[in-house]
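Chemist: return atomic coordinates for the entry below.
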Amino acid sequence: MNYRKADPLPPVTLDDVRGAQKMLAGVARTTAMEGSRYLSRLVGAPVHLKCENLQRTGSFKLRGAYVRIAGLLPEERAAGVVAASAGNHAQGVALASSLLGVRSTVFMPKGAPLPKISATQHYGAEVRLHGQVVDETLAAAQEYAEATGAVFIHPFDHPDIIAGQGTVGLEILDQCPEVRTIVVGIGGGGLAAGVAVAVKALRPDVRIVGVQAEGAAAYPPSLAAGRPVSIANPATMADGIRVGRPGDVPFGIVGALVDEVRTVGEDDLSTALLLCLERAKLVVEPAGASPVAALLSEPEAFEGPVVALLSGGNVDPLLIQRILRHGMAAQGRYLAVTVRLTDRPGALAALLGVLSVADANVLDVSHVRTDPRLGLSEAEVELHLETKGAEHCAEVGRALREAGYTVIG
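Modeler: Numbers count the residues shown, from 1 in each chain. Below you'll find the predicted structure:
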C-alpha cells in the first residue's frame with residue numbers, strides 16, 4: 001500500500017550519511033552486490049542482491065552502532081554503553097564498542113539462541129539474560145542505563161543510527177547506478193529510513209519499497225494514522241523485523257521518503273530463505289530474506305533494475321532447519337501425511353509400495369498401533385515424504401486414496 005506523503009525535512013540528511021560513510025571507512029565492509037538470474041527471469045528485469053548478510057557481525061547493524069558510539073562525548077564513553085537485542089544489534093554494539101575501546105553491556109532475552117549469545121560475548125560485550133521477550137529485555141536495559149549512567153544505544157530510534165544505516169544506500173547507488181527500485185525489510189525503520197535519505201537525495205526517481213512480515217506489520221496502520229501505532233503481540237519467524245511499534249525518528253522519514261510498504265507471509269519468508277540458499281548460495285535470515293519474499297509474491301509489481309537488500313545472515317542452525325522444512329512444504333517439496341490402515345502383517349510394506357510407485361521418497365515413518373482413537377485392528381502411519389511440487393503432492397494423495405487408504409491429514 002502506498003503511504004507516501006510530503007513531510008518537513010527529515011532529521012537526517014545526505015551530509016550526515018556521507019559523514020557516517022567516512023567514519024566507517026576501514027570498519028564496515030563494502031558488501032558485495034550479486035546478480036540473481038532466477039529472480040531476474042521472474043521479475044522480467046535485472047535483480048541484484050545487496051549482501052549485508054556478509055557484513056561484519058553478519059548484518060548491517062554494525063554501521064549504525066559504530067556511528068552512534070563514535071559520536072559520544074568522552075565522559076559518555078567513560079560511562080559505557082548498554083543495549084538490548086535478540087541478536088544482530090547486540091553483536092553490532094559489541095563489536096563497535098570493542099573497536100572504540102568502550103565498555104558494553106548487552107541485555108538479551110533468556111531464550112536467545114546460544115550462537116548469538118556466544119558471538120556477542122566473543123565481540124567483547126558483557127551479556128545479561130533477562131526476560132522472555134525483547135520488550136522485557138529493553139526495559140531492563142533502560143533501567144540499567146538509568147542506574148549506572150551507561151548510554152543506551154537504541155537499535156533504530158536515533159539520527160546517528162539512521163545515518164550509519166544509510167551508508168548502505170550510498171553503496172547501492174555506487175554499485176548499481178542504473179537501479180530503479182530498492183526493496184528493504186522494515187522492523188523499527190532505521191535501515192529503510194537511512195537508505196531512503198541517501199538514495200532520495202541523489203536519485204529521487206528511485207522507488208523505495210519497504211517490506212514487513214504480516215504478523216509484525218506496525219507500519220501500515222501507523223502510516224495510515226499519521227503517528228506510530230503499537231500492535232499487540234507481533235509474531236513472525238523474522239525476528240530481525242519483529243517490532244511492535246515504529247521508532248519515532250525513522251517513522252517520519254519513512255512516511256516522507258519511502259514510496260510503499262508491503263507485507264509478506266510466513267510461507268513467503270521461508271520460501272525466500274530457501275531460494276537464497278539454493279539459488280544464490282547465500283545464508284540469509286528470515287528478516288534479510290523479506291525483500292526476496294516480496295519479489296516472489298508479486299514479481300510484476302517491481303520496475304527493474306531492482307536491488308533487494310539482504311540485511312542479515314544470523315540464523316540459528318536449529319531454526320534454519322525448521323524454516324527450510326517449512327519452505328520445502330510451501331513449495332510442495334515436503335509432505336507430511338497420516339494414513340490409517342488395517343493392522344496386519346505386510347500392511348506397512350504395501351503402503352510403502354504405493355508410495356514407491358508414486359515416486360515419493362520416504363524420509364521418516366512413525367507406526368502407531370496403540371492409541372485410544374484406533375480400532376482393535378487399525379494402525380496409523382505418519383509419513384514424511386520428499387516430493388516434487390504441489391502437483392506431485394496431489395498425485396501422492398490420489399494414489400493413496402485409490403489404493404483404499406484413509407488419509408487423515
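
Chemist: which residues touch the residue nearest the centre of the chain?
Modeler: For the chain, the residue whose C-alpha lies nearest the mean C-alpha position (Cα atoms, centre = their mean) is A287; its distance is 0.7 Å. Contact partners of A287, counting by Cβ atoms under 8 Å, 6 or more residues apart in numbering, are 185, 187, 213, 238-242, 311-312. Where C-beta positions appear, they are placed from N, C-alpha and C, glycine not excepted.

Chemist: so the residue nearest to it when sequence neighbours are not counted versus N88, what's the distance?
Modeler: Of all residues beyond its chain neighbours, the one nearest A287 is G240 (2.9 Å), with distances taken as Cβ to Cβ, 6 or more residues apart in numbering. Taking Cβ to Cβ, to the nearest Å as the measure, G240 falls 6 Å from N88.

Chemist: repeat that for A235.
Modeler: Separation of A235 from N88 (Cβ to Cβ) stands at 19 Å.

Chemist: nearest residue to T13 in space, please, no chain neighbours.
Modeler: Using Cβ to Cβ, 6+ apart and skipping the chain neighbours, the partner closest in space to T13 is V197 (6.9 Å).

Chemist: in a strand, that neighbour, correct?
Modeler: No. If the criterion is DSSP: H, G, I helix; E, B strand; the rest coil, then V197 is helix and not within a strand.

Chemist: could you pull out the strands in this protein for me?
Modeler: Listed from the start of the chain, the chain has strands (DSSP state E) covering 33-35, 47-51, 81-84, 104-108, 126-129, 151-152, 181-185, 207-213, 260-264, 306-310, 334-342, 361-368, 378-386, 406-407.

Chemist: pLDDT wise, what is L114 at?
Modeler: You'll see L114 listed with a pLDDT of 83.

Chemist: number of residues surrounding the nearest residue to it once chain neighbours are set aside?
Modeler: Residue nearest to L114 in three dimensions, not counting chain neighbours: D316, with 7.9 Å by Cβ to Cβ, 6+ apart. As a burial measure, D316 scores 17 neighbours (other Cβ atoms under 10 Å).

Chemist: what's the separation between D316 and L269?
Modeler: The separation that D316 has from L269, given Cβ to Cβ, amounts to 15 Å.

Chemist: repeat that for T30.
Modeler: Applying Cβ to Cβ, the value for T30 to L269 is 27 Å.

Chemist: between the two, which has more neighbouring residues?
Modeler: Residue environment comparison for T30 versus L269 gives the larger neighbour count to L269, 32 against 15, counting by other Cβ under 10 Å.

Chemist: quick one, domains of the protein?
Modeler: Residue ranges of the domains in the chain are recorded as 14-58+159-327, 61-152, 332-407, according to automatic domain parsing.
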